[in-house]
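Peer 1: Build me a model:
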Amino acid sequence: MQFELQATDTNSKARAGVITTDHGKIETPIFMPVGTLGSVKGVHFHELRDDIKAQIILGNTYHLYLRPGIDTLERAGGLHKFNGWERPILTDSGGFQVFSLSAIRKLTEEGAWFRSHIDGSKHLFTPEGVVDIQRSIGADIMMALDECTPGTADRQYARKSLDLTMRWLDRGWKHFRETEGKYGYSQAYFPIVQGCTYPDLRREAAERVAELGADGNAIGGLAVGEPAEVMYDMIEVVNEVLPADRPRYLMGVGTPANILEAIERGVDMMDCVMPTRNGRNGMLFTANGIMNMRNKKWADDFSPIQEDGPSYVDRVYTKAYLRHLFISQELLALQIASIHNLAFYLWLVGEARRHILAGDFSTWKPMMIERVTRRL
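Peer 2: Model (predicted):
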């Protein structure tokens, strides 16, 4: 994997670049749709490619490991062959799922024990094992196993958690460098910076991660309960340390405003389930604000969902029609809303990139923040 830094905003740390993988190029800053099970819920790949303009999608190691299973993926020739997505794929290590399934997991020095949410069977994720699993999945970018510390954790817990994550990282990095991919193309491995909301722990973790010289680096353990301003502070602390010549991936973030704030602080890659999950519940993000499509105010609004600004694929659909679909519990509503929101997110980061390259990101971004946070 290669990363070319093309431009940096003169009044902020916002960056534009290009990541090159064996499955294609990724223009940054980029938002990555989440395809937990090897699919983005309710969205065809031709829509991801042609309408949403997705350049990379995510898969989840925990879920793919349990179903369809590593043997099936290996027989298919990896996830790209299994699902037909020919562009880059990133897989997370399952660490967040271990965090979110805390009632049925146990962390040890060896790794993370957990019980399957499908059948209750017991499994162990080790730092080495998740490298092997992601080798079998065939992701272009693989993530290190970590513990995602809750945003409200006290310092003692955060210290202990970070130390465990760093020991796991040493093992995972060593195993990654001693193994090779299975399908004839290269794979990158991103360490993850943890440290909760404690600046000194974040800085320490970033320094240790930077020393490895990995192809890229990730920032984890944010947007998990801490205030947004604290999240932004932690991003600043970490990005002061992480090398500028490698892409920086902020995991699991977030709202359109979160994304713009992160880009301003030097983040290159982001992902979140919000555009599809919120879309399925009737919330639409637009260039002019946020709409709840179940509200009666849209019942007789026959204007397009997006009246001005970016031209999305749903220009043909009216607000009244989409509200009718949601109220009627028609499955098409979920699909339209998911495609719309993802198209908006990809448009938003594309606009951010355009303004970074043009040199006026710092004047564009406050105006855009004001627009995307309105409640319509």
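Peer 1: Point to the residue nearest the middle of this structure.
Peer 2: Centroid-nearest residue in the chain, with CA atoms, centre = their mean: residue 271, separated by 1.9 Å.
Peer 1: What values do phi and psi take at that one?
Peer 2: Dihedral pair for residue 271: phi -150, psi 160, per degrees, to the nearest 10.
Peer 1: Which residues does it form beta bridges with?
Peer 2: Listed by DSSP bridges, the beta-bridge partners for residue 271 are residue 32.
Peer 1: Equivalent analysis for residue 217, please.
Peer 2: Beta-bridge partners for residue 217, by DSSP bridges, are residue 248.
Peer 1: That one contacts residue 248, correct?
Peer 2: Yes. When contacts are counted by CB atoms under 8 Å, residue 217 is listed as touching residue 248 (5.9 Å). Backbone N, C-alpha and C define where each C-beta goes, glycine included.
Peer 1: circling back: wait, the residue nearest to the centre of the chain touches residue 258, no?
Peer 2: No. Counting by CB under 8 Å, residue 271 stays clear of residue 258, with 11.7 Å between them.
Peer 1: Residue 166 reaches residue 211, doesn't it?
Peer 2: No. At 11.1 Å, residue 166 does not count as touching residue 211 under the criterion of CB under 8 Å.
Peer 1: Distance across stretch 1-12, terminal residue to terminal residue?
Peer 2: Terminal residues of stretch 1-12 are spaced 26 Å apart (CA to CA, to the nearest Å).
Peer 1: who touches it?
Peer 2: The contact list for stretch 1-12 (CB atoms under 8 Å, 6 or more residues apart in numbering) reads 14-21, 140-141, 186, 188, 215-216, 244-247, 264-265, 356-357, 359, 361-362, 365.
Peer 1: So among the residues you listed, which ones count as buried?
Peer 2: Buried by 16 or more other CB atoms under 10 Å: 14-17, 19, 21, 140-141, 188, 215-216, 246-247, 264-265, 356, 361, 365, out of the contacts of stretch 1-12.
Peer 1: Show only the entries of those residues found in helices.
Peer 2: If you go by DSSP state H, these have 264, 356, 361, 365 in helices.
Peer 1: In space, what's closest to the second one - neighbours in sequence excluded?
Peer 2: Of all residues not flanking residue 356 in the chain, residue 16 sits nearest, at 4.3 Å (CB to CB, 6 or more residues apart in numbering).
Peer 1: what do you get for residue 180?
Peer 2: Residue 180 sits nearest to residue 135 (CB to CB, 6+ apart), 7.8 Å away.
Peer 1: residues contacting the one you found?
Peer 2: Contacts of residue 135 (CB under 8 Å, 6+ apart): 142, 179, 180, 181, 182, 187.
Peer 1: So between residue 217 and residue 248, which is more surrounded?
Peer 2: residue 248 (28 against 25; other CB atoms under 10 Å).
Peer 1: Report pLDDT for the residue nearest to residue 356.
Peer 2: In this prediction, residue 16 carries a pLDDT score of 98.
Peer 1: Distance of it relative to residue 90?
Peer 2: Note on residue 16: its distance to residue 90, by CB to CB, to the nearest Å, is 19 Å.
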